[in-house]
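Here is the input, now give the coordinates:
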Amino acid sequence: MAIGDTNNSAAQSDDGGDDGNVAVRRTWLGVGRVWGGAWRAALNVVLPPLCLGCQARLLDHDALCSECWRRVDFIRPPLCDRLGLPMPYDTGGIMISAAAAAHPPPFERARAVARYDGLMRDLIHDFKFRDTHDARRLFGRWLCQAAPELVASADIIIPVPLARSRLLARRFNQAQILATEVARMSGKTLLPLALRRTRATAHQIGLTRRERERNVAGAFAVHPNAIGRVAGKSVLLIDDVMTTGATVSAATKALKKAAAARVDVLTLALVTEPHA
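Okay, the predicted model is just below:
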C-alpha cells in the first residue's frame, strides 16, 4: 500500500473517530438534560415554586403571580432621558424633564424598574432589612430588562458601597448583590470594591434635597487599586432606590474624578410622584 493510501486510511479512521466522539458527547448531553429535568422536578416537590409576593403556588421559581405582578408600578416609556422619570406624553425624540433641566445630574442617564411603592417597596424592604434574598434573580432580570441599552453600553458594573459600620451591621450590601446579578446575566465585568465610602453618613430618610446633597458630598472615592480599571470606561452604577439622586450623584462625581468616561445609573426603584 502506498504511503498516500496509508494516510487516507488514517484520515478516514480519524473522521470516524470524530463522529464517534460527537455521538458520545450528544448522548451524554441528552442524559444530562434528562437527569437535569428529573432533578428540577424532584426539587420542585421538596421546594415548590412560590410567588415572591404572596407565596401562592407557581410553575416557576423566582417569579410573581399575575395578581402580584399587577401590584408593581413598573416605569415604562416615555421617559426623561437623563433621570428616567415618566413623562406625560411622547414627543418622538429625546425628552428632558423639568427636574433634569433645573438640576442637571452629573451622570449621563438613570433608569429604574418601578416606582418605590406598593409591592415593590415591600420586596425591597424584605431584601434590605429582613435578610430575605429570594428575589435577587427576579431583581436581576428586571434590572436588565428595564435598561438593556445601559447594560449593553457598559464596560464595567460598580455597586454603590455601604459605610463600613452599616455593612457590619447588615452583613451584606444590597447594591452589590444586585450588581452581581446584572453582571452574571449580562456577562459584564463587575468591580464590587472599586468604589468605597470615605466617611460614614447620616441616614437620608427625612432629609431635604440640599440636606441629602450635603450629607453625601465627598463621601465616595475610587480605590487607588481600581483607578486604572475605571479610567476611560463606561460605568454602570447600581443601587436599590433613588430618591433625589444625591447618593448616586456623589458616587458619580467620584468615578468621574477617577476619569471614568461616562456613568449611567440603574436602580430597582425610583421615588416619584404617582402621576409624575
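
How many residues are close by the closest residue to residue 226 other than its chain neighbours?
For residue 226, ignoring the flanking residues on the chain, the nearest one in space by Cβ to Cβ, 6 or more residues apart in numbering is residue 194 at 3.8 Å. Any C-beta I mention is one placed from the backbone N, CA and C, and that applies to glycine too. Neighbour count of residue 194, defined by other Cβ atoms under 10 Å: 24.

Residue 194 touches residue 223, doesn't it?
Yes. Between residue 194 and residue 223 there is a contact at 5.9 Å, judged by Cβ atoms under 8 Å.

ok, how many other residues are close to the nearest residue to residue 91 once chain neighbours are set aside?
Closest residue to residue 91 apart from its sequence neighbours, by Cβ to Cβ, 6+ apart: residue 78 at 7.6 Å. Residue 78: 14 surrounding residues under other Cβ under 10 Å.

isn't residue 78 right next to residue 92, touching?
No. Using Cβ under 8 Å, residue 78 is not in contact with residue 92; the gap is 9.2 Å.

Need the residues touching each of the two.
The contact sets of residue 78 and residue 92 do not overlap (Cβ atoms under 8 Å, 6 or more residues apart in numbering).

and the gap between the residue nearest to residue 91 and residue 244?
22 Å (Cβ to Cβ, to the nearest Å).

Show me the helices in the stretch 1-150 of the chain, by range?
3-46, 66-69, 98-102, 118-129, 136-146, 148-153 (DSSP state H, counting those that start in this stretch).

ditto for the stretch 151-276 of the chain
164-170, 174-186, 209-216, 227-230, 246-257.

Does anything pack onto the second one? Which helices or strands?
The elements that helix 174-186 packs onto, with contact taken as 3 or more Cβ pairs under 8 Å, 6 or more residues apart in numbering; DSSP states H and E, are helix 136-146, helix 148-153, strand 156-159, strand 189-190, strand 234-242.

how about it: buried residues?
By neighbour count on 16 or more other Cβ atoms under 10 Å, the buried set for helix 174-186 is 174-183, 186.

what do you get for the last one?
Using 16+ other Cβ under 10 Å as the burial criterion, the residues of helix 246-257 that qualify are 246-256.

now the fourth one
Of the residues in helix 227-230, those with enough neighbours to count as buried (16+ other Cβ under 10 Å) are 229-230.

Give the residue spans of the stretch 1-150 of the chain that score low on pLDDT.
Applying pLDDT under 70 to the stretch 1-150 of the chain picks out residues 1-46.

Tell me how far residue 123 lies from residue 171.
From residue 123 over to residue 171 (counting by Cβ to Cβ), the distance is 19 Å.

Could you find the closest non-adjacent residue to residue 229?
Nearest non-adjacent residue to residue 229, counting by Cβ to Cβ, 6+ apart: residue 191, 6.2 Å away.

residue contacts, that neighbour?
Applying Cβ under 8 Å, 6+ apart, the residues near residue 191 are 156-158, 226, 229-230.

at 10 Å instead, please
With Cβ atoms under 10 Å, 6 or more residues apart in numbering as the criterion, the residues that contact residue 191 are 155-159, 179, 183, 222-223, 226, 229-230, 233, 235.

can you check residue 49 too?
Listed by Cβ under 10 Å, 6+ apart, the contact partners of residue 49 are 43, 56-63.
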